[in-house]
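attaching a predicted model along with its sequence, questions to come.
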Amino acid sequence: MAIRRHGGIPQHGAANKRRLAYARGQAALDFLISYGFVILVIGVAIAVLIVFQLNGTYTETDYCNPSPGFSCGYYFINTSGEFSVQIAQVSGASMVINGIACSTEINATGNGPEYGNVRVNGSASFYPPGGMGSGTLYSGKAQTFNMYCYRSGGTNKGLYGNGAAGYVWMNYTLPGYKSEVIMIASFNTKYT
């Protein structure tokens, strides 16, 4: 039996053609699976990096760190810069609240906010509708305070899901003492 050659490939009939086609198909499939999987993994990694870059979620942790004698309950900031925080104190006496303030920075002397309600007073312009809350904070009792948080350009507004950080000061008076302004908490959260 004579073997005919066509294009340098021995021709043994239909069986060889099928084997050759199968081998080529298998090689193409192996190539697509190998490189396709690598391209898929790279695409997913790029997508994850883009999402984390836009949201900033890879470095942020929510917290509210209260000063000694105070505690933070819930806290949040909305996209218009309104900050709400639940505060409790354990001084053993009732505090008269003269004002409360939120700022992204501490002033140069370290004794108050850099922006916004820098004197930590009760002026209505620094508080959203409904005011700052009750004028008295009882020992062992929590109360919610609402205020606008400020940065260098005005109210600390932001996009939903982006990070927001700042400090909260309180101007208070204890019975028998003069008023005092102290930083009662620092926070890091996301706009809601």
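Yep, that arrived. Numbers count the residues shown, from 1 in each chain.

let me see the ranges of the helices in the protein.
Counting by DSSP state H, one finds helices in the chain at the ranges 14-55.

break it into its domains for me.
9-55, 63-190 (automatic domain parsing).

just these: most buried one?
Sort the domains of the chain by mean neighbour count, taking mean count of other Cβ atoms under 10 Å, and domain 63-190 sits at the top with a mean of 17. Backbone N, C-alpha and C define where each C-beta goes, glycine included.

from the opening residue of it to its closing one, how far?
Length of domain 63-190, first residue to last, Cα to Cα, to the nearest Å: 10 Å.

what's the closest residue to residue 152 other than its chain neighbours sitting at in phi/psi?
Counting by Cβ to Cβ, 6 or more residues apart in numbering, residue 115 is the residue found nearest to residue 152 once chain neighbours are left out, at 6.0 Å. With angles defined as degrees, to the nearest 10, residue 115 sits at phi -130, psi 160.

distance of residue 115 from residue 44?
Residue 115 sits 41 Å away from residue 44, going by Cβ to Cβ, to the nearest Å.

ok, now residue 136?
Remark: distance between residue 136 and residue 44 (Cβ to Cβ) = 55 Å.

before we move on, what about residue 72?
38 Å.

circling back: what's the pLDDT at the residue nearest to residue 152?
The model reports residue 115 with a pLDDT of 92.

was I right about it contacting residue 150?
Yes. At 3.9 Å, residue 115 and residue 150 qualify as touching, with contact defined as Cβ atoms under 8 Å.

list residues touching both of the two?
Common contacts of residue 115 and residue 150 (Cβ atoms under 8 Å, 6 or more residues apart in numbering): 103, 104.

could you tell me the least trusted of the domains of the chain?
Among these, domain 9-55 scores lowest, at a mean of 73.

now that domain, how far from the chain's geometric center?
Going by Cα atoms, centre = their mean, to the nearest Å, the spacing between the C-alpha centre of domain 9-55 and its chain's C-alpha centre is 40 Å.

once you drop chain neighbours, what's closest to residue 166?
Spatial nearest neighbour of residue 166, excluding adjacent residues (Cβ to Cβ, 6+ apart): residue 104 at 4.7 Å.

next, give phi and psi for the one you found.
Residue torsions, per degrees, to the nearest 10, at residue 104 are phi -80, psi -20.

for it, what are its contacts?
114, 115, 149, 150, 151, 152, 156, 165, 166, 167.

now swap in residue 170 and tell me
87, 95, 97, 99, 100, 101, 120, 181, 182, 184 are the contacts of residue 170 under Cβ under 8 Å, 6+ apart.

just grab the bridge partners of the third one for me.
Spelled out, that is residue 97. Here residue 97 sits in beta bridges with residue 172, going by DSSP bridges.

that one touches residue 136, doesn't it?
Yes. Between residue 97 and residue 136 there is a contact at 6.8 Å, judged by Cβ under 8 Å.

noted, bye for now.
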